[in-house]
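Undergrad: okay, structure incoming, though there's no sequence with it:
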DNA sequence: ACCGTCTGAGTAAAGGTTTACCCAACGTGG
DNA sequence: CCACGTTGGGTAAACCTTTACTCAGACGGT
């Protein structure tokens, strides 16, 4: 029978009493430190289990100056990018007993700062910053922070570690795939040129074409908007030209969906006449397109996992060389590029 | 100049020294408790600001037995529903200094339990459970928990508080809107009948038709899948019948998009010949449909906000009557139902 | 038989904050 | 002028865990 009121959680004291040892011995037994007979250790562990004892992380943190908690700040209110990243971070840290506070920040800098303050009061051991756009900074001042910070899908500057997808490699993989399918006139329809990822993906497109001995189809990458509507417009423009492409590599899945729909409406067969590949591998878009879209997956989860582990290293005092780490993308082939 | 090493955070002791008072006085000044001259209070506040003092939430929590932290458990790995809910919860609690741990659980019950354990070790004051499907329970045992739990988009049983969208009211609003537009043959295409929300939305459809003096179009609600493909199939079936509908109310936005696309392919004008309304108001689907979809918004954020506040009340010891709270949905009118 | 060493486990301080309680000084009323 | 209430602020315990230090006893070597 428990020694305290039923609703109260057992403390290390209760375990000590139950096992007939001192609280120091309990602590040591539970943490695998110190020396004692196997019998004593067993007895303590048994008592702890019997009382359903869970150490109070607050008290532990007070002493060890580690809260086993990190904050994840993101401006991706929508969660499209942030959630896989967060799952990755969690996955990388849960084994180390670390939990994640998620803060979805809006544009409001005051509110954002108060979120950051709350995190610091909670004594987070570190912070992950996850952007939805690489070349855009969160409305928060990370200067003067006493804890390490790593960035994912956003850049932290020269003295920080940043994890980014290898956009160019992803684009190259997509285009190489199309070229390998025998496509020769591969167009590229993408988002606004002011987005760095758009420029990087276009660069990958160009590089892969060169490697395959092909020339860019048309005047160059077609920069526009990240929307289905732009996909439609781009098809209209392309098919108004002298020679239609036999493949379109798109800067994201929404554009790719617009392109695919527009082609079907024109009676152009996908992938028979034209193969289409998207970017992001956003299941809800790629999977519902007719036919389902081949797409480049940025492996956001793995990105998050590695960011979490890198943060943990810094928390543990390891010196981590700052800079940008690029993780490879993976091409997910579906029907739109004919398997 | 700060009294301690630069990287160390100031403690209440430092503030006390700076202000020339005892730590007890600092604590009271900062928390607005106790009695002291206005001058003293000012001086303490000034010192705290000068040292950029933030109380250590761990230490405070140790004493007050409140961590000012809640856990949000969800099985919505995708984030479609969980993220707005989480934002609402955060919004409702941030003013009270409460932060949110987000845990996205997968099917793995062992991992899920370890997440819950981690939360309890971190001494969360309460837990919000956010489902992605009402009639589906998370692979976690909430029994024997010493903290209050509220449910959002999921039901917690008889002794818990649950916040759900008023699906039926949302459906009624959509159908009343269509009827108000003069539509008379209003069909309903929705997801699998085994989903409770599908049955509730269908019930709303039926009720609103009755109120408007209309009869269900066709044999009844058309249950199928939550996909665009089902929208296409449903249109094929409907237009094979004796009389085509002049409006389609869909169980979610993906179905509505499928329906709209299928209609356009048949040369049926939307909203000219047929008006379409969806459910979920998922921007990425509703906004990109041609024409943009009218849709029922479940106000997930408000749902989360209220859940957060209800949880806070329980944490503060208020008795909250258990049961289901239904919050109204809002119809967002776009072009597909002709403004 | 004695000294030194190792083993197993306990003692107590520390970590930052809150709060119940205490106390000196001051003011007020009779 | 004294008793008493009030005011302003300090003292110290408590919250729960970790860990440096202590210490008694056992054991082995000479």
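TA: That came through fine. Treat the numbers as computed from the prediction; the structure is a model and nothing was measured.
Undergrad: mean confidence score for the helix or strand that contains residue A:73?
TA: Element membership for residue A:73 (DSSP states H and E) is strand A:69-74. For strand A:69-74, mean pLDDT rounds to 94.
Undergrad: is it positioned near chain B?
TA: Yes - remark: strand A:69-74 sits within contact range of chain B at residue A:69, by Cβ under 8 Å from any Cβ of the partner chain. No exception for glycine: its C-beta is placed from N, CA and C like everyone else's.
Undergrad: report the rounded mean pLDDT for stretch A:228-242.
TA: Stretch A:228-242 comes out at a mean pLDDT of 96.
Undergrad: show me how far that stretch is from its chain's centre.
TA: Remark: stretch A:228-242 is offset 32 Å from the chain centroid, using Cα atoms, centre = their mean, to the nearest Å.
Undergrad: and the strand holding residue A:73, what other elements does it pack with?
TA: For strand A:69-74, the elements it packs on are helix A:82-93, strand A:99-104, helix A:109-121, strand A:126-130, helix A:300-315, judged by 3 or more Cβ pairs under 8 Å, 6 or more residues apart in numbering or on different chains; DSSP states H and E.
Undergrad: list the contacts of the residue nearest the centre of chain A.
TA: The centroid of chain A falls nearest to residue A:85 when counting by Cα atoms, centre = their mean (2.7 Å). Residues near residue A:85 by Cβ atoms under 8 Å, 6 or more residues apart in numbering or on different chains: A:72, A:74, A:128, A:130, A:152, A:153, A:300, A:301, A:303, A:304, A:307.
Undergrad: which one among those gets closest to residue B:320?
TA: If you rank those by distance to residue B:320 using Cβ to Cβ, residue A:72 comes first, at 30.2 Å.
Undergrad: break down chain A into its helices, ranges please.
TA: Along chain A, counting by DSSP state H, helices occupy A:12-19, A:23-31, A:38-50, A:57-64, A:82-93, A:109-121, A:167-180, A:196-211, A:228-240, A:253-266, A:283-286, A:300-315.
Undergrad: make a markdown table from those and add distance to residue A:190 to it.
TA: Below are these laid out as a markdown table (distance: least, Cβ to Cβ, whole Å):
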| stretch | distance to residue A:190 |
| --- | --- |
| helix A:12-19 | 59 |
| helix A:23-31 | 53 |
| helix A:38-50 | 57 |
| helix A:57-64 | 46 |
| helix A:82-93 | 22 |
| helix A:109-121 | 30 |
| helix A:167-180 | 9 |
| helix A:196-211 | 5 |
| helix A:228-240 | 9 |
| helix A:253-266 | 7 |
| helix A:283-286 | 15 |
| helix A:300-315 | 19 |
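Undergrad: ranking those helices by burial, who's on top?
TA: Most buried of the helices of chain A, by mean neighbour count (mean count of other Cβ atoms under 10 Å in any protein chain shown): helix A:82-93, with a mean of 26.
Undergrad: tabulate the contacts of residue A:85 (CSV), appending distance to DNA strand D.
TA: Rendered in CSV, the data for the contacts of residue A:85 read as follows (distance: Cβ to the nearest atom of the strand, whole Å):
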residue, distance to DNA strand D
A:72, 25
A:74, 31
A:128, 25
A:130, 31
A:152, 30
A:153, 35
A:300, 34
A:301, 31
A:303, 32
A:304, 28
A:307, 27
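Undergrad: tabulate these (CSV), appending distance to residue A:324.
TA: Output for those, formatted as CSV (distance: Cβ to Cβ, whole Å):
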residue, distance to residue A:324
A:72, 19
A:74, 19
A:128, 15
A:130, 15
A:152, 11
A:153, 11
A:300, 16
A:301, 19
A:303, 12
A:304, 16
A:307, 12
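Undergrad: out of those, flag the one nearest to residue A:64.
TA: Taking those together and measuring to residue A:64 by Cβ to Cβ, the closest member is residue A:128, at 21.1 Å.
Undergrad: quick check: the residue lying closest to the closest one once chain neighbours are set aside vs residue A:92, distance?
TA: Spatial nearest neighbour of residue A:128, excluding adjacent residues (Cβ to Cβ, 6 or more residues apart in numbering or on different chains): residue A:72 at 4.8 Å. As defined by Cβ to Cβ, to the nearest Å, residue A:72 lies at a distance of 12 Å from residue A:92.
Undergrad: next one: residue A:260
TA: Here the criterion is Cβ to Cβ. By it, residue A:260 lies 36 Å from residue A:92.
Undergrad: do residue A:249 as well
TA: According to Cβ to Cβ, residue A:249 and residue A:92 sit 32 Å apart.
Undergrad: and for residue A:74, the neighbour number?
TA: 26 (other Cβ atoms under 10 Å in any protein chain shown).
Undergrad: report the contact partners of the residue nearest to residue A:18 when sequence neighbours are not counted.
TA: Excluding the flanking residues, the one nearest residue A:18 by Cβ to Cβ, 6+ apart is residue A:47, at 3.9 Å. Residue A:47 sits next to A:15, A:18, A:19, A:26, A:53 when contact means Cβ under 8 Å, 6+ apart.
Undergrad: can you check residue A:308 too?
TA: A:70, A:88, A:89, A:90, A:91, A:92, A:93, A:98, A:128.
Undergrad: the first one touches residue A:102, doesn't it?
TA: No - in this structure, residue A:70 is not within contact of residue A:102 by Cβ atoms under 8 Å, at 10.2 Å.
Undergrad: residues from the stretch 51-200 of chain A in reach of DNA strand D?
TA: A:53, A:55, A:56, A:59, A:60, A:62, A:63, A:64 (Cβ under 7 Å from any atom of the strand).
Undergrad: quick one on the thing from earlier: partner strands of the strand holding residue A:73, parallel or antiparallel?
TA: In the sheet, strand A:69-74 lines up against strand A:99-104 (parallel), strand A:126-130 (parallel) (DSSP bridges).
Undergrad: and the nearest residue to residue A:205 once chain neighbours are set aside, what are its bridge partners?
TA: Once flanking residues are discounted, residue A:205 sits nearest to residue A:188: 4.5 Å by Cβ to Cβ, 6+ apart. Going by DSSP bridges, residue A:188 is paired in beta bridges with residue A:249.
Undergrad: and residue A:188, how far from DNA strand C?
TA: 55 Å (Cβ to the nearest atom of the strand, to the nearest Å).
Undergrad: and the residue nearest to residue A:128, what does it touch?
TA: So residue A:72 contacts A:82, A:85, A:86, A:89, A:100, A:101, A:102, A:103, A:127, A:128, A:130 (Cβ under 8 Å, 6+ apart).
Undergrad: how much space is there between the closest residue to DNA strand C within chain A and residue A:29?
TA: As assessed by Cβ to the nearest atom of the strand, DNA strand C sits closest to residue A:36 within chain A, at 2.6 Å. Per Cβ to Cβ, residue A:36 is found 7 Å from residue A:29.
Undergrad: now swap in residue A:215 and tell me
TA: Counting by Cβ to Cβ, the gap from residue A:215 to residue A:29 is 71 Å.
Undergrad: then residue A:125?
TA: Distance from residue A:125 to residue A:29, by Cβ to Cβ: 25 Å.
Undergrad: next: residue A:75.
TA: When residue A:75 is compared with residue A:29 (using Cβ to Cβ), they lie 45 Å apart.
Undergrad: just residue A:66 next, same as before
TA: From residue A:66 over to residue A:29 (counting by Cβ to Cβ), the distance is 21 Å.
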